[in-house]
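Engineer: From the sequence below, what's the structure:
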Amino acid sequence: WLAIGVAWIEAHRTIAWIAYVTAYIVATVFVIPASIFTLAGGFVFGLPLGIMLASVGSVLGASVAFLVGRFLARDWVAKRIAGLPQFRALDMATRHEGFVIVFLARLSPLFPFNLINYGLALTSVRFRDYFFGSWAGMLPVTILYVYISSVAKDLTELTSGEVQGGAVGQILLFIGLAATILLTIIITRKANRTLAEHLEREPVGQEDAS
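Structural biologist: Purely as a prediction, here's the structure:
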């Protein structure tokens with residue numbers, strides 16, 4: 001399907017990016033794994049444009065899903081997250097530090113991308129904080145995924161002996177990939193620790209006790 005997609009893009013360059021972003025938004029609303037589209041962005045559009053389009057598609061898709069969850073499907077979302085206490089803690093935390101909590105939650109693998117889009121719709125977070133916190137928090141993983149998929153094309157060329165730039169170019173390619181993965185791991189671990197500290201400070205049980 002990637003080969004078909006590439007062929008279609010070559011024939012429709014002027015509207016290809018619109019189709020990609022639109023498909024990303026629709027897929028996010030219908031809870032289709034977003035990583036597929038992020039990887040496709042790097043494979044099809046390359047590193048700079050792929051990052052931009054995947055970032056735009058992910059934040060717009062997350063925003064549309066958030067608005068659907070808050071205004072159109074609130075009861076459905078509430079039933080789906082009823083047994084997940086971490087979202088109740090998020091609700092209390094977002095009342096005070098909406099942007100920070102959304103940013104950290106986006107960095108943390110504790111909250112899956114599609115689930116948190118709808119889960120945060122039931123919290124007290126303001127849409128502005130949700131939008132910018134989501135964009136900033138999703139950007140490192142977006143860069144990593146797009147980079148991996150764009151490098152995959154070079155790795156294919158590498159196995160066939162067609163990579164240009166010699167040994168130095170190949171070494172820099174792998175160093176860049178390793179550095180990107182390491183940076184993402186470090187950021188994610190710090191996000192988990194900081195987010196856990198925020199959630200522990202929230203009095204989750206006080207409302208029940210009263």
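
Engineer: where do the strands sit along the chain?
Structural biologist: Along the chain, no segments are classed as strands by DSSP state E.

Engineer: any idea which helix or strand of it has the worst average confidence?
Structural biologist: Lowest by mean pLDDT, DSSP states H and E among the helices and strands of the chain is helix 206-209, with a mean of 46.

Engineer: show me what contacts Val74?
Structural biologist: Just so we're on the same page, residue 74 is Arg rather than Val. Arg74 makes contacts with Ala121, Leu122, as judged by CB atoms under 8 Å, 6 or more residues apart in numbering. Any C-beta I mention is one placed from the backbone N, CA and C, and that applies to glycine too.

Engineer: For it, give its distance to Ser134.
Structural biologist: Per CB to CB, to the nearest Å, Arg74 is found 19 Å from Ser134.

Engineer: Chain neighbours aside, what residue packs nearest to Ile9?
Structural biologist: Spatial nearest neighbour of Ile9, chain neighbours left out: Ala16 (4.2 Å); criterion: CB to CB, 6 or more residues apart in numbering.

Engineer: so how far is Ile143 from that neighbour?
Structural biologist: On the measure of CB to CB, Ala16 and Ile143 end up 21 Å apart.

Engineer: One more: Ala62?
Structural biologist: Counting by CB to CB, the gap from Ala62 to Ile143 is 16 Å.

Engineer: Same question for Leu195.
Structural biologist: Distance, Leu195 to Ile143, by CB to CB: 21 Å.

Engineer: Mind checking which of these two has more residues around it?
Structural biologist: Leu195 (23 against 20; other CB atoms under 10 Å).

Engineer: Now do the contacts for that one.
Structural biologist: Counting by CB under 8 Å, 6+ apart, Leu195 touches Ile101, Leu104, Ala105, Ser108, Leu110.

Engineer: ok, now with 6 Å
Structural biologist: Residues near Leu195 by CB atoms under 6 Å, 6 or more residues apart in numbering: Leu104, Ser108.

Engineer: And it, how close does it get to Ile101?
Structural biologist: Where Ile101 is concerned, Leu195 sits at a distance of 7 Å (CB to CB).

Engineer: And for Phe111?
Structural biologist: For Phe111, the distance to Ile101 equals 10 Å [CB to CB].

Engineer: Of these two, which one has the most company?
Structural biologist: Ile101 (29 against 22).

Engineer: so that one sits right up against Thr94, yeah?
Structural biologist: Yes - checked against CB atoms under 6 Å, the pair Ile101 and Thr94 is within contact range at 5.1 Å.

Engineer: And the pLDDT for Ala178?
Structural biologist: You'll see Ala178 listed with a pLDDT of 68.

Engineer: How about Leu122?
Structural biologist: 82.

Engineer: so who does it touch?
Structural biologist: So, once contact is read as CB under 6 Å, 6+ apart, Leu122 ends up touching Val77.

Engineer: So what does Ser108 have for phi and psi?
Structural biologist: In terms of degrees, to the nearest 10, the main-chain angles of Ser108 are phi -80, psi 130.

Engineer: Report pLDDT for it.
Structural biologist: Per the predicted model, pLDDT is 77 at Ser108.

Engineer: Next: the one 10 residues further on.
Structural biologist: pLDDT, Tyr118: 86.
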